[in-house]
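[1] Need a 3D model of the sequence below.
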Amino acid sequence: MHFDIKPSDTLPIYRQIVEQVQRMIAGGACRPGDELPSVRALAQAHAINPMTVSKAYSLLEGEGLLERRRGVGMLVAAQVRPKRDRAQCLSLLKPATEAAAAQALQLGVDADAAVALLRQCFAEIQSRKPE
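    Got it, this is the predicted structure:
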């Protein structure tokens, strides 16, 4: 499971973790029973405070997306089903898309150029995914 944590982002780190896990579950990348990295492992991998990771995991547990298993750690909750519904997935994507659109407007980039850049980024990320 890969997390893309950006300390310089305006979104707090714990929210970055929460939203990434929500998207991974909604997109089917995480399935019920999948184990998440331990608090310590995730904190060390990204040089962040373990309390930040713990806060994110606790919020996800409170939402019913994760469950804590003694001796195992945090798992995707058994009752969680990936939300393959297009509208739900798009609603999770909307905040990032709105932020990108606002930045494009501030930079004077037109919609066609911004969409072309999005397509290019999408293709680059897809090409880096392991088969």
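[2] any idea how far L117 is from A99?
    Per Cβ to Cβ, to the nearest Å, L117 is found 14 Å from A99. In this view, the C-beta of every residue, glycine as well, is placed from N, C-alpha and C.
[3] before we move on, what about F122?
    Computed as Cβ to Cβ, the F122 to A99 distance reads 16 Å.
[4] Which residue of these two possesses the greater neighbour count?
    A99 (13 against 10; other Cβ atoms under 10 Å).
[5] can I assume the more buried one sits in a strand?
    No. Using DSSP: H, G, I helix; E, B strand; the rest coil, the secondary structure at A99 is helix, not a strand.
[6] per-residue confidence at it?
    For A99, the model assigns a pLDDT of 87.
[7] Show me how the protein divides into domains.
    What automatic domain parsing lists as the domains of the chain is 13-76, 86-128.
[8] Of those, which shows the lowest average pLDDT?
    domain 86-128 has the lowest average pLDDT among the domains of the chain, namely a mean of 88.
[9] May I have the distance across that one, first residue to last?
    Here the two ends of domain 86-128 are set 24 Å apart, with distance taken as Cα to Cα, to the nearest Å.
[10] Could you give the separation of that domain from the chain centroid?
    In terms of Cα atoms, centre = their mean, to the nearest Å, the centre of domain 86-128 is found 15 Å from the chain centre.
[11] Please spell out which residues along whichever strand or helix holds S58 are buried.
    If you go by DSSP states H and E, S58 is part of helix 50-62. Neighbour-count burial for helix 50-62, counted by 16 or more other Cβ atoms under 10 Å, picks out 52-57, 59-60.
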